[in-house]
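Participant: mind folding the following:
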Amino acid sequence: MAELLPQDIASFLRLPEHRDIAVTIDEGLSNDIVEALREGTVPLGICWNAAGLEGFQTRPYRSDHLAAVVPAAHPLADVDQCTFEQTLPFDHVGMPAQSAIHALLGRQAAILGKRMLYRAVVSTFDGALRCVEANLGICIIPAETVQPIAEAFGAKVVPLRDEWARRGFSICFRNFDALSPAARLLVAHLSDKRND
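Facilitator: Okay, the predicted model is just below:
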């Protein structure tokens, strides 16, 4: 949600042939979206590929790349890329425990036999940037989300070199043919955005 989905939906709705279509957007964690799809309470969702999409039909959507966001004077601000392990000695600003990023980072730290040092936990990327600006710690969030505004917060975006730091997302649904005509048009439009 915080990245490109709102713009992609807006470009879909601006097309003259879609002037009578309305889209309801509910933001949620990938696991919650999968559950809603299984229960049939939503027709389609966009989920992280690691969210357990077995039994669903999917189309590729977009990908993102996790990065360390650090204050301009931080030691990691002098490098173009770093590994996740290089961030672990420093205080972090984290996202909520139920978020996909929190779970992913915790799992990767455990694989390395280390743990993350959280100085603050916030609920939004904006909150994380404000904490970085205040020198409370560094945060790891999608580069695509923060790159356009990092400089305004006195921060530098340092992409992670780790292979797992590139995450793929998919549009998922139970049965493409059972979707409404408008939903099928939206799926096609969003699928075309994966290479933008």
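
Participant: where do the helices sit along the chain?
Facilitator: Along the chain, counting by DSSP state H, helices occupy 5-13, 30-39, 84-87, 100-111, 125-133, 143-146, 181-192.

Participant: as CSV, the ones you listed with distance to residue 172 would be great.
Facilitator: C-beta: built from backbone N, CA, C; applies to glycine. Shown next, in CSV, are the helices of the chain (distance: least, C-beta to C-beta, whole Å):
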stretch, distance to residue 172
helix 5-13, 14
helix 30-39, 6
helix 84-87, 27
helix 100-111, 15
helix 125-133, 23
helix 143-146, 20
helix 181-192, 10
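
Participant: identify whichever of these lies nearest to residue 60.
Facilitator: For those, the distance to residue 60 is smallest for helix 181-192, at 6.8 Å, taking C-beta to C-beta.

Participant: how near is the residue nearest the centre of the chain to residue 78?
Facilitator: The centroid of the chain falls nearest to residue 142 when counting by C-alpha atoms, centre = their mean (5.9 Å). Residue 142 sits at a distance of 22 Å from residue 78 (criterion: C-beta to C-beta, to the nearest Å).

Participant: hmm, back to that, looking at the helices of the chain, which is nearest to residue 51?
Facilitator: helix 30-39 (3.7 Å).

Participant: so for the closest one, mean pLDDT?
Facilitator: Throughout helix 30-39, pLDDT has a mean value of 86.

Participant: low pLDDT regions in the protein?
Facilitator: Within the chain, the ranges that satisfy pLDDT under 70 run 1-3, 194-196.
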